[in-house]
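1. here's a sequence, model it:
(2 chains)
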Amino acid sequence: MKKITWGLIGLSLALVVGCSSQGGQAGGQSGQAEGKKYPEKEITLVVPYAPGGASDSTARIIAKNMEEKLKVPIVTVNKTGGTGGVGMTFVQSSPNDGYTIGYVPVEMTMHKALGLSELEPSKFDLLGQATMIPAAITVPADAPYNTIEEFVEYAKQNQGKIKVGNSGVGSIWHIASTAFANKAGVQFTDIPFDGAAPAVTALMGNHVDAVAVSLGEVKSGVEAKKLKVLAVMSAERDKNFPDIPTLKEKGLDVEVVGWGGFVLPKGTSEEYKNVLADALKGAVESDDFKKFASERGMSAVYKSPTDFTAFAEQQFKFFSDFIPTLDLK
Amino acid sequence: MEALGQLIGGFETAFTWWNLLYCLIGVTVGMLVGVLPGLGPTTGTALLIPMTFGMEPVSAIIMLSGIYYGSMYGGTITSVLINTPGEAASVITCLDGHPLAKQGRAGVALGVAGIGSFIGGTISIIGLAFIGPALAELALKFGPPEFFALMIFGLIMVIGLMGRSLIRGLIAAFMGLILSLIGMDPVSGAVRFTFGEAHLMNGLDLVTVAMGLFGLSEILFGMENLQNLDKPAKVKGLLPRKEEWRPTLSAIGRGTGLGFFVGLIPGSNSVIPAILSYTLEKRIAKDPSRFGKGAIEGVAGPETANNSYCGAALIPLFTLGIPSSPTIAIILGAFIMHGLTPGPTLFQNNPDFVWAIIASMFIGNLILLIMNLPMAGMWAKIAAVPPKLLYPLILIISIIGAYTVSNSLWDVGVMFVFGIVGYVMKKLDIPMAPIVLTFVLSKLMENSLLQSIKMLEGNVLHLFARPISGTLLVLSLIVLVLSVIAEVKKKKASFAGDVEM
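-> Got it, this is the predicted structure:
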């Protein structure tokens, strides 16, 4: 009896200790001592989504590779909620001492236009891009159209009849299918799902006619010969699927891709930023990250802080112009 | 018979020392993840994935799937002992498991849950191995309209859970419905009832709410009369009484079937089979009033169903490459990371691999049974720890658990609020079960209804034109009509019941 009680107390103490080491990111010193070696202690990486998703796995693998270079542990913390807003805002308001970095997906540049939060690229110091993943216009393997031209033709004759599944209203893949429809001069009926996987499942069951989600999400369906990809929405053909044309080649000038990158709280010292950017570059260009990315249907793409800042600003502008035309809500 | 030969081959792989060790590690971690509130199987598997990088693919998947089904065993323990669900699938177990513990029968509840989990788990793995591929195509027939019909069916069944007073039951059911509205509207993207709070944008978390409603309110209630609290009942055995065996076993049988069926449906989760099983058991019980006060079937059915669900939920993954729940999505990620693509070709191209995983799941379930049955007695003694020691511990575990849900104090606050809500509800004798049930079902129901309406171009009557959804909706109507008739018949009696309280 007594033993059990003590055992329980021990167990809960162990829990407290275990959790506090995980959550102990707040205790950062704000003063950046000059001439001190950086980094000298663990770095916290904040992922705004739940463990296990594509964002989380990407961030964790990058963190593992950066650790080797920086010689300090990088602790990944998932701060979920507000469709990513909670975690990203947390990073924004963290001390800019170089010991908090954040993972941001393309949604960071969409939040403001969607009215979800006040986040925008200029509120961070951008560290670099890591991944890129194009939208893939995908239909069931037994659909009557085999090329994107035939699909557009079919859609023109059946305005509003084609049901397109997306990964949620205002999600990047919703934007992708709408942008495609606008350029092609067709109308789809959008059916939102709670994420891309259920949309692809519905496509396999012939409950919707097409999806425009990431290549990675449809990869296994394509390999199972249940689905076929008609086109990708990136600037260039995807290295993993070199036979699939881009919309640009087909004369439809529209480009929507998902991407992931890393940011720092505004005002982090240039010196620290360079150290981190250097480590990030090495991590993105490492063989095991490239392998991971291609297996997930993504491309490992590194952009330097300057290039990434320009890219994010341009994306922010695109979404701020485009999203209001969607007439959401 | 060919499959049987391959299964034996799979056992050869699974029975190597390393793979046995990984299986053991997997199920043990799974148990722990299940026991700790807030830390669910999704987080558990995600956190361990990086550890599997250097491992053989077979060992890696053996370990990760061990966490997945192992957690279903673990969640039961806290539900029964301290009325705090360790993970979502075990929320329902609180309803009857904890009352059993109060009667000193925690051992029985845990024992029955262990046996049921083992039977449900094992049978669903047999299903996965031998009839999985044939059923996978069937699963795809479940689109949004079918899903909606299933949710309606589930909701209609909830009427049976209203407790003694229909009005109090309805109050609870509507509370659940309203709570599920918080967050983003699935079709228009409009943000509802969040009061500008970003944490509410994705809605409330089921486990956090349940931890407050069940666990915390229990403490508050117990604190009221800490001095003259009944002496904790003596722990009596691990097995049900002789006359309880028959209903228990049939509940396990029904739970297995239900869990397996729901597991096949993409987009479902492990809470749904548990809910359906509980409502089914209560509906067909000779004396439904025992439920909520320690009915052994109320533990046996749902606990079996969520384990049976686990095996079946792997069928869409193995045969079509479809991840039907977040945890399975992570296992899918692990497959890909180790260079394997789940899908129709998996059974043909990597038979050794698939059969070794399936064999390991048999072994894992057996390990879990062996671990759980003797331990049930040990765990059960926790129920006998005096409240003044137990309550602070539950509080610590709950707070840490709530914190881990999204690594923020927000969820701790949510849990406290619902603890108070639960306390008030107990005082007013409003049943808790309908809140949880409608909370889970209505979210999925709203989503699938809105999707269906768009799919069917606004014509809701088309729901009846599709064979599966039509059948389910007609069945729901019949159940509804029968319930109304039954209710009218005993109207007087139930009014009298209201007055008595």
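2. state the pLDDT value of residue B:180.
-> Looking at residue B:180, its pLDDT is 92.
3. briefly note if the strand or helix carrying it comes near chain A.
-> Per DSSP states H and E, residue B:180 falls inside helix B:166-181. No - counting by CB under 8 Å from any CB of the partner chain, chain A has no neighbours in helix B:166-181; the shortest distance is 13.5 Å. The C-beta positions use only the backbone N, C-alpha and C, and glycine is treated the same way.
4. what about the strands in chain B?
-> Applying DSSP state E to chain B gives strands spanning B:183-184, B:191-192.
5. reformat the ones you listed as JSON lines; add mean neighbour count and mean pLDDT.
-> Converted to JSON lines, those look like this (neighbours: other CB atoms under 10 Å in any protein chain shown; pLDDT from 0 to 100):
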{"stretch": "strand B:183-184", "mean neighbour count": "20", "mean pLDDT": "86"}
{"stretch": "strand B:191-192", "mean neighbour count": "18", "mean pLDDT": "87"}
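6. so where is chain A shaky, pLDDT-wise?
-> A:1-36, A:329 (pLDDT under 70).
7. what ranges do the strands span in it?
-> Assigned by DSSP E, the strands in chain A fall at A:43-47, A:74-78, A:100-105, A:124-140, A:162-166, A:188-192, A:210-214, A:227-232, A:257-265, A:299-303.
8. could you identify which of those is most buried?
-> Between the strands of chain A, strand A:210-214 has the highest mean count of neighbours, a mean of 28, where neighbours are mean count of other CB atoms under 10 Å in any protein chain shown.
9. give me the contacts around that one.
-> Strand A:210-214 has contacts (CB atoms under 8 Å, 6 or more residues apart in numbering or on different chains) with A:54, A:133-139, A:151, A:162-167, A:173, A:176-177, A:180, A:188, A:196, A:199-200, A:203, A:218, A:233, A:258, A:297-298.
10. can you tell me the strand partners of that strand and which way each runs?
-> strand A:124-140 (antiparallel), strand A:162-166 (parallel) (DSSP bridges).
11. quick check: residue B:311 touching residue B:263?
-> Yes - with contact defined as CB atoms under 8 Å, residue B:311 reaches residue B:263; the gap is 6.8 Å.
12. please enumerate the shared neighbours of those two.
-> Overlap of the contact sets of residue B:311 and residue B:263 (by CB under 8 Å, 6+ apart) consists of residue B:124.
13. same drill for those two, tell me which one is more crowded.
-> With neighbours defined as other CB atoms under 10 Å in any protein chain shown, residue B:311 and residue B:263 compare such that residue B:263 has more, 32 against 28.
14. on that earlier part again, dump the strands of chain A into CSV; add distance to residue B:389 as well.
-> Output for the strands of chain A, formatted as CSV (distance: least, CB to CB, whole Å):
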stretch, distance to residue B:389
strand A:43-47, 36
strand A:74-78, 33
strand A:100-105, 39
strand A:124-140, 48
strand A:162-166, 53
strand A:188-192, 50
strand A:210-214, 52
strand A:227-232, 58
strand A:257-265, 44
strand A:299-303, 54
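15. residues near residue B:173, how many?
-> 23.
16. which ones are touching it?
-> Contact analysis of residue B:173 by CB under 8 Å, 6+ apart lists B:158, B:162, B:434-435, B:437-438.
17. are any of the residues you listed buried, and which?
-> Applying 16 or more other CB atoms under 10 Å in any protein chain shown to the contacts of residue B:173, the neighbour count classes B:158, B:162, B:434-435, B:437-438 as buried.
18. tell me the one among those residues nearest to residue B:24.
-> Nearest to residue B:24, judged by CB to CB, of the buried ones among the contacts of residue B:173 is residue B:437 at 35.6 Å.
19. just give the number of residues close to the closest residue to residue B:237 other than its chain neighbours.
-> Once flanking residues are discounted, residue B:237 sits nearest to residue B:107: 5.9 Å by CB to CB, 6 or more residues apart in numbering or on different chains. Neighbour count of residue B:107, defined by other CB under 10 Å: 24.
20. quick one, helices of the stretch 201-329 of chain A?
-> In the stretch 201-329 of chain A, the segments counted as helices under DSSP state H, counting those that start in this stretch are A:215-223, A:270-284, A:287-295, A:305-322.
21. need the strands of chain B in TSV with distance to chain A, can you?
-> Supplementary listing: the strands of chain B in TSV, determined by distance: least, CB to the nearest CB, whole Å:
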stretch	distance to chain A
strand B:183-184	7
strand B:191-192	8
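22. okay, these in a markdown table with distance to residue B:289 next?
-> Output for the strands of chain B, formatted as a markdown table (distance: least, CB to CB, whole Å):
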| stretch | distance to residue B:289 |
| --- | --- |
| strand B:183-184 | 36 |
| strand B:191-192 | 37 |
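23. related to what we said a few turns ago, have a look at the buried ones among the contacts of residue B:173 and tell me the least confident one.
-> residue B:162 (67).
24. that older thread, switch the strands paired with strand A:210-214 over to CSV; also include distance to residue A:156.
-> Shown next, in CSV, are these (distance: least, CB to CB, whole Å):
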stretch, distance to residue A:156
strand A:124-140, 15
strand A:162-166, 10
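25. nearest to residue A:292, out of the ones you listed?
-> strand A:124-140 (9.6 Å).
26. run a quick neighbour tally on residue 256.
-> In the absence of a named chain, chain A is used. Using other CB under 10 Å, residue A:256 has 24 neighbouring residues.
27. I was thinking of chain B, sorry if that wasn't clear
-> As a burial measure, residue B:256 scores 28 neighbours (other CB under 10 Å).
28. give the contact list for it.
-> B:119-120, B:123-124, B:304-305, B:308.
29. please redo it, this time with the cut-off set to 7 Å
-> B:119-120, B:123-124, B:304, B:308 (CB atoms under 7 Å, 6 or more residues apart in numbering or on different chains).
30. ok, now residue B:53?
-> Under the criterion of CB under 7 Å, 6+ apart, residue B:53 has no contact partners.
31. could you check how far it is from residue A:289?
-> Residue B:53 sits 12 Å away from residue A:289, going by CB to CB, to the nearest Å.
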